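Participant: got a structure for you, letters missing:
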């Protein structure tokens, strides 16, 4: 007769917290744009959705620093390589590029997808 592992021996990897990571990244990127726009005297929409869609250069070094906020959610340090050199042209383009790469790191570390 086979011995089945107890519940404590079988662990199901946690799913990738995509919504939480996306929300955090989006908020951090929008805050960055608001700060930079304020410094440059650029007026922005009050709508986060509109800000996310607008063309606005986001430096890759700034995005690397923003990853720290996501690391507290996922529980490990992300390599700088998940960020595209040269930056992004909008919050939406940054999210589209970053989310799959962060999820790949999650799967590599935790072994689970959403």
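Facilitator: Arrived safely. Here the structure is a predicted model, which means the values were calculated and not measured. Residues are numbered from 1 along each chain as shown.

Participant: Pull out the buried positions in the lowest-mean-pLDDT helix or strand in the chain.
Facilitator: Each helix and strand of the chain was given a mean pLDDT (mean pLDDT, DSSP states H and E); the minimum falls on helix 48-53 at a mean of 92. Buried residues in helix 48-53, counted by 16 or more other Cβ atoms under 10 Å: 48, 51, 52. Using the backbone N, CA and C atoms, a C-beta is placed for each residue, glycine as well.

Participant: continuing past it, what's the next helix or strand?
Facilitator: helix 60-74 (DSSP states H and E).

Participant: Contacts for the longest helix along the chain next, please.
Facilitator: In the chain, with assignment by DSSP state H, the single longest helix is helix 18-40. Identification of contacts with helix 18-40 by Cβ atoms under 8 Å, 6 or more residues apart in numbering yields 42-44, 48, 51-52, 56, 58, 62-63, 66, 69-70, 73-74, 91, 94-95, 98-99, 102-103, 114.

Participant: next one: stretch 57-69
Facilitator: 24-25, 28-29, 32-33, 78, 80, 82-91, 94, 98.

Participant: Among the contacts of helix 18-40, the buried ones, what's the ChimeraX command?
Facilitator: In ChimeraX, selecting the buried portion of the contacts of helix 18-40, with burial taken from 16+ other Cβ under 10 Å, looks like this:
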select :44,48,51,52,56,58,62,63,66,70,74,91,94,95,98,99,102,103
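
Participant: Could you list the low-pLDDT ranges of this structure?
Facilitator: Within the chain, the ranges that satisfy pLDDT under 70 run 1-12, 112-114.

Participant: If we use 90, what do you get?
Facilitator: 1-14, 45-46, 109-114 (pLDDT under 90).

Participant: ok, residue 82 touching residue 102?
Facilitator: Yes. Residue 82 lies in contact with residue 102 (Cβ atoms under 8 Å); the separation is 5.9 Å.

Participant: what packs against the least confident helix or strand of the chain?
Facilitator: Helix 48-53 sits against helix 18-40, helix 91-110, with contacts defined as 3 or more Cβ pairs under 8 Å, 6 or more residues apart in numbering; DSSP states H and E.
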